[in-house]
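>>> What follows is a predicted protein model with its sequence.
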Amino acid sequence: MATPSSDVLRGTLDLLVLKTLTLEPMHGWGIAQRIEQFSRGVLDVNQGSLYPALQRLELKGWITSEWRSTEHNRRAKYYRLTPQGRRAVGTETENWRRYVSAVDWILETVR
Amino acid sequence: MNVSKRLALAWRALFHREETERDLDDEIRLHLELETERLMRDGVPPEEARRRARVVFGGIEAVKEAHRDGRGVRWLQDAMADAWFALRTYRRNPILTATAIITLMLGIGANTAIFSAVNAVILRPLPFPNPDRLVMISEDNPEKEWRRQVAAPANYLDWKERVTAFQDVAAYTPGGGSTLDAGGHPMRVRVRAVTGNYFSVLQVYPKLGRVFTNAETWSTAPPTMVISDQLWRDAFGGDSGVIGRTVSMDGSRVQIVGVMPARFSFAADSVDVWQPMGWDPQNRSQVFFRRAHWLRVIARLKPGLTPEAADAELQTVVRRLQSEYPETNRVMGADLVPLHEFLIGNVRPALLLLQAAVTLLLLIACANVANLLLVQAAGREREASLRLTLGADRWRLVRQALTESLVLATLGGAAGLLLGWWGTRALAALQPAQMLPVTSVSMDWRVMAGLLVLTTATGLLFGLAPAMWNAHRVPAEVLKEGGRGGTGRKLGRWGDGLVVGEVAVALMLTVGAGLLLQSFWKLSRVNPGIDTRGVLVAGIRLSSAYDSSARQLAFFDAVRERVRALPGVEDAALAVVPPFGGVAFTSDFHIAGRPANEYGSEVGRDFVSPEYFRTLHIPLRAGRFFTAPDRDGALPVTIINDALARKFFRGEDPIGQRLTFDRILDSNSVWRTIVGVVGDVRQQGLAIEPLIEAYEPAAQNPNVYMTLLARSQGDAIAIAPAIRRVVSDLDPTLALAQVGPLERLQARSVASQRFIMYLLLVFAVTGFVLAVVGVYGVMAQLGRRRTQEMGIRMALGARTSQVQWLVVRHGLRLVTVGLVLGLVGASGATRAMRDLLYDVTPGDPVTFLTVPVLIALTALAASWLPAAKVSRADPAGALRAE
């Protein structure tokens, strides 16, 4: 597997995807673009790893997908948050914050 | 985790695999296109843009693989791919595949058929509500060697009233026959007398009308009866207006009050008519009601009580009865067993033996298939090694091997299902009448589940060797040794193990069959004490019109004389119970002049016409046969058999001595003078030693039921129509019962033993042949592997016989180990067969010597054949091999 396999990165990517989809349903490339913009290039996402992440979220029932036409009339698979997924964004964000602050605290204290 | 989502995806991934892949391809392509366009909008040249888009995306194939893994059905897809691959491989080797499938079919089919019987008899619950609360109560009398015997009615009534653990207790007579006349022609029906609560204890209900009331246990007028569904259809055309109709039973008017449903059967008893006991209430206080034993007793326990608790209470009551009625009950015990146990007790050992035999057969089949697969795996050695070297997962190879064997097992299982289905039907059709105490032997869900488990277990069992072999393979060594050497030796060890196992198991199977074969051979040479050839048997029950002894005697005399006068009939006689028909009844007896407390018991009694002994060729040892003047009013006489004479008149002349069939002597005792001694007859069946017996003239003991025995000069059955005519000419309201050759009665008395022996023989022969084929297969493989070595030896001057000996010696060693293991196993296992053997001990030296020699010789021949082939090979060619 060439995708980042550490759980931290994987969890981060999942959260970013979820957060992105709270705006509107999007296709894979669109999601990748948004994450690039949000992270201002800080997070160097391997774009391909997005697809196993989408599959994972879909299996969890947090997002669903359907084939639609883009504005340029191209067939694309659009991903959309489910109500369950919308709830998950909240808890996952909370988890992430707690995690980050824990790491932060350690980095601050163990100097 | 979203289960339905997951299943939907898995389904899609499995069965719309191409669509799933295409979607993923489309998605990735669109992504790359959009990314390329974005870069081009930023001014990157098209070629460069396409390249950069790919770089940013990362490894496309890796993403796809990750996606495929994520579908969660990877293992299943692999398994399916392996299965397809296995099917293709098997199609390329039709002979190997057919051999394996046929072998498995035999093993699994035999198991399915026998398990169907085991399931129907042992596992399936009885067809009554709460069957585990039904128990059977019988009487035991250690002094008379009674075990689970019929009970006396007075004792039954006391159990019913005094044991509080019983919710209710019913009784029935084992069965009898009557002539039913419903206005057409008379027909014989099987009748069972029951207490009024018989059906309510079993908790079964009539489909029409009513069953009996408790009051009907005691005398009622008018007499009533309940009929079976079968009789309702056969005799009354399924007419629902039959309730309330009055028909003639043996000349008496009886009203039909109910019809039982078709599925009602008590242990496959095939009763046509149930009638209430209709006892006279005065009987209760009569001594005979506690002295005569003729009832089977079923009790239903109160809810929540165990049979053990009920038995404890019953035993207390039994002890009290022993002290209350010392004259009849001094040593009378009662035995309580669950009904199911009572019904299947006799047949269970045989069924378990057969189940064990087919299991052994399946083991042999597994060993053979394992060897076939090992040989096949060896042929694919290089392929497997190459895959391992190229980084294939070892576990993946093991899984593939197991999948392949499971595919083969499934094919074999399917074939086995067909054979088993046929076998089950054959078993149910061919079993001797009422050997299995169930109405149907069929394949239900339990059998199917068993088949599934068996097939899977079989696949894993014979797949184990090739799979393990895959797991332990060291690719470097294989490649280094060029596919021979080390792994060849390992393969050889598996093969050796298979030969040892097969020989051991085949020995056990054959020894078991040998013991049964020998005991059946002994049984068929037993002298029954009579000459059955050409003798026809027919039962005649007189109707109530024959209401005096004189009428009864006159009718039977007339029948006998007319039958004797028929052309082709040599002789004719009458008896109450024919040979092999069991004992009519037994009683105690006293010999005149002996101390009053010295009495004999359990003497079998039968009432016969003067020609009886002559007709059946029963030899006269002393004195005379009965004659016509031995009638009512003349001196009461009796003829005893050899066994009685030996046991009670040792060193004395019994002729002229007197005996009476009473234990307590009084002025009413009838003293009979012994006028003759005759040879012993196996009255209860070929396998049962003759008991002490006394015959009395039928003319001094008239009976409404007699059996006519006619000896014809040719085929017994040929005179049946003439005999029917004689009887219907004399009285058209009578129907003959149980018409058939005496030889058939003789055969029927050992039919179960013969049936079980045939089955075991079939299994043993199949197992034996499979084992020989298996040994040959392994030895042939060994021979092939050693071809080069043989070539070298022969090139260096070894003689053909020396080279052959090398292979044969190896086979001999394996066979010897197998034989020793098999003998140990057989000597343990055959001990469980003791009850099934006649006049043969479980450790019978003849069988334990013959069978190993037979197997050793056959196995050696099977290992010599490949050896001979190897040694005939041209040494130069052999050296060039591989």
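Here it is on my side, so go on. Residues are numbered from 1 along each chain as shown, chains lettered A, B, ... in the order given.
>>> Output the contacting helices and strands for the helix or strand containing residue B:412.
Secondary structure from DSSP states H and E places residue B:412 in helix B:394-430. In terms of contacts (3 or more C-beta pairs under 8 Å, 6 or more residues apart in numbering or on different chains; DSSP states H and E), helix B:394-430 is packed against helix B:74-92, helix B:94-118, helix B:348-379, helix B:381-389, helix B:445-471. Any C-beta I mention is one placed from the backbone N, CA and C, and that applies to glycine too.
>>> and the angle for it with helix B:74-92?
Here the directions of helix B:394-430 and helix B:74-92 differ by 60 degrees (axes from the mean of the first three to the mean of the last three C-alpha atoms, to 10 degrees).
>>> in helix B:394-430, what's buried?
Residues of helix B:394-430 classed as buried: B:397-413, B:415-417, B:419-421, B:423-424, B:427-428 (neighbour count, 16 or more other C-beta atoms under 10 Å in any protein chain shown).
>>> Could you tell me which residues make contact with the closest residue to residue B:526 other than its chain neighbours?
Nearest in space to residue B:526, with sequence neighbours left out and distances taken as C-beta to C-beta, 6 or more residues apart in numbering or on different chains, is residue B:686 at 5.5 Å. The neighbours of residue B:686, taking C-beta atoms under 8 Å, 6 or more residues apart in numbering or on different chains as the test, are B:523, B:526, B:528, B:580, B:746, B:749-750.
>>> And the furthest pair within these?
For these, the farthest-apart pair by C-beta to C-beta is B:523 and B:580; their separation is 13.0 Å.
>>> Tell me which of these two has more neighbours.
residue B:580 (25 against 20; other C-beta atoms under 10 Å in any protein chain shown).
>>> Look at the more buried one and report its pLDDT.
The model reports residue B:580 with a pLDDT of 90.
>>> neighbours around the closest residue to it other than its chain neighbours, how many?
Spatial nearest neighbour of residue B:580, excluding adjacent residues (C-beta to C-beta, 6+ apart): residue B:745 at 4.2 Å. Applying other C-beta under 10 Å, we find 19 other residues in the vicinity of residue B:745.
>>> got a list of what residue B:178 touches?
B:188-189, B:191, B:249-250, B:273, B:541.
>>> quick one: which of those sit in strands?
Counted as lying in strands by DSSP state E, out of the contacts of residue B:178, are B:188-189, B:191, B:249, B:273, B:541.
>>> hmm, back to that, which single one of the contacts of residue B:686 is nearest to chain A?
Closest approach to chain A among the contacts of residue B:686 (C-beta to the nearest C-beta): residue B:750, at 67.9 Å.
>>> Hmm, that closest one is touching residue B:682, no?
No: counting by C-beta atoms under 8 Å, residue B:750 stays clear of residue B:682, with 10.2 Å between them.
>>> which of the contacts of residue B:686 tops the neighbour count?
Of the contacts of residue B:686, residue B:580 is surrounded by the most neighbours, 25 neighbours in total, counting by other C-beta under 10 Å.
>>> quick one: that one and residue B:746 touch, right?
Yes: the criterion here is C-beta under 8 Å, and residue B:580 meets it with residue B:746 at 5.4 Å.
>>> shared neighbours of these two, anything?
In contact with both residue B:580 and residue B:746: B:528, B:686, using C-beta under 8 Å, 6+ apart.
>>> what helix or strand does residue B:497 sit in?
Applying DSSP H and E, one finds residue B:497 within helix B:485-524.
>>> Next, the angle from that helix to helix B:381-389.
Comparing the axes of helix B:485-524 and helix B:381-389 via the same axes, to 10 degrees yields an angle of 130 degrees.
>>> Would you mind checking the average pLDDT for helix B:485-524?
According to the model, helix B:485-524 has a mean pLDDT of 83.
>>> For stretch B:455-472, buried residues please.
B:455, B:458-459, B:461-467, B:469-470.
>>> In chain A, where is pLDDT below threshold?
Within chain A, the stretches with pLDDT under 70 are A:1-10, A:40-45, A:110-111.
>>> Could you grab the helix/strand/coil label for the residue nearest to residue B:526?
Here residue B:686 is recorded as coil under DSSP: H, G, I helix; E, B strand; the rest coil.
>>> before we move on, back to that, tell me which other helices or strands the helix holding residue B:497 touches.
When contacts are defined as 3+ C-beta pairs under 8 Å, 6+ apart, helix B:485-524 packs onto helix B:348-379, helix B:445-471, helix B:475-480, helix B:751-785, helix B:800-829, helix B:845-872.
>>> Could I get the contacting residues of residue 55?
As the question left the chain open, I've gone with chain A. Residue A:55 is in contact with B:67, B:70-71, counting by C-beta under 8 Å, 6+ apart.
>>> actually chain B
Residue B:55 neighbours (C-beta under 8 Å, 6+ apart): none.
>>> just residue B:371 next, same as before
Per C-beta under 8 Å, 6+ apart, neighbours of residue B:371: B:495, B:498, B:774, B:777-778, B:781.
>>> and the gap between it and chain A?
41 Å (C-beta to the nearest C-beta, to the nearest Å).
>>> quick one: that residue from residue B:458, how far?
Distance of residue B:371 to residue B:458, given as C-beta to C-beta, to the nearest Å: 14 Å.
>>> Residue B:24 too?
From residue B:24 across to residue B:458, the span is 40 Å (C-beta to C-beta).
>>> about what we covered before: report the entries of the contacts of residue A:55 that also contact chain A.
The residues of the contacts of residue A:55 that also fall near chain A, by C-beta under 8 Å from any C-beta of the partner chain, are B:67, B:70-71.
>>> of those, closest to chain A?
Lowest distance from chain A to the ones next to chain A among the contacts of residue A:55 (C-beta to the nearest C-beta) belongs to residue B:70, with 4.5 Å.
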